[in-house]
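Participant: Please work out how this folds:
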Amino acid sequence: MELSRKAEILLVEDNEADIRLTKEALEETKVLNNLSVVKDGEKALDFVFKRKGFEEAPSPDLILLDLNLPYKSGKEVLAEIKSHPELKSIPVVMLSTSQAKEDINGAYLLHANCFLSKPVDFEEFVKLTQKTTSYWLETARLPELQ
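Facilitator: You can find the predicted model right below:
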């Protein structure tokens, strides 16, 4: 995907430490990006549907979605995004500390573009975040939205 602008990344994460690590990792990547963060499933849907205070929110080029969130789970958010014709082509990367077969299979059944287990090691977390954003925003060819 060749963008003539900064890539819009939406991080849906309720863990402050993971938010901080993701921000640090994205600052070190060569992908020019604008990171928006919401901390629960309901706000994630408000953001992507541009409602309830998010009317001016940018349309994400990539969504990094935690599995376990307050109010609506990552799976519920994923299901709503992937069932909407105008949003379903946005790549959604599920992130979780879970390595449970049910969580991984469930995410793919709901059309997650990939499922990644969050490493506990800082350096590994940074590498994973950088590889993921580089792949989805530089290597993969994505459809044009709007």
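Participant: residues contacting the spatially most central residue of the chain?
Facilitator: Centrality entry for the chain: nearest residue to the mean C-alpha point is Leu64, 1.4 Å, by CA atoms, centre = their mean. Going by CB atoms under 8 Å, 6 or more residues apart in numbering, Leu64 touches 9-13, 22, 93, 95, 132. All C-beta spots, glycine's among them, are computed from the backbone N, C-alpha and C.
Participant: just Glu42 next, same as before
Facilitator: Residues counted as contacts of Glu42 (CB under 8 Å, 6+ apart) are 71-72.
Participant: what's the answer for Leu62, then?
Facilitator: Contact analysis of Leu62 by CB under 8 Å, 6+ apart lists 7-10, 90-91, 93, 133, 136-137.
Participant: Let's see if you can find the most crowded of the contacts of Leu64.
Facilitator: Counting neighbours by other CB atoms under 10 Å, the top entry in the contacts of Leu64 is Val12, with 28 neighbours.
Participant: backbone phi and psi for that one, please?
Facilitator: Per-residue torsions, Val12: phi -110, psi 100 (degrees, to the nearest 10).
Participant: Is it correct that Val126 is in contact with Leu21?
Facilitator: Yes - the criterion here is CB atoms under 8 Å, and Val126 meets it with Leu21 at 7.0 Å.
Participant: so where's the protein uncertain?
Facilitator: Low-confidence regions of the chain, defined by pLDDT under 70, span residues 1-4, 145-146.
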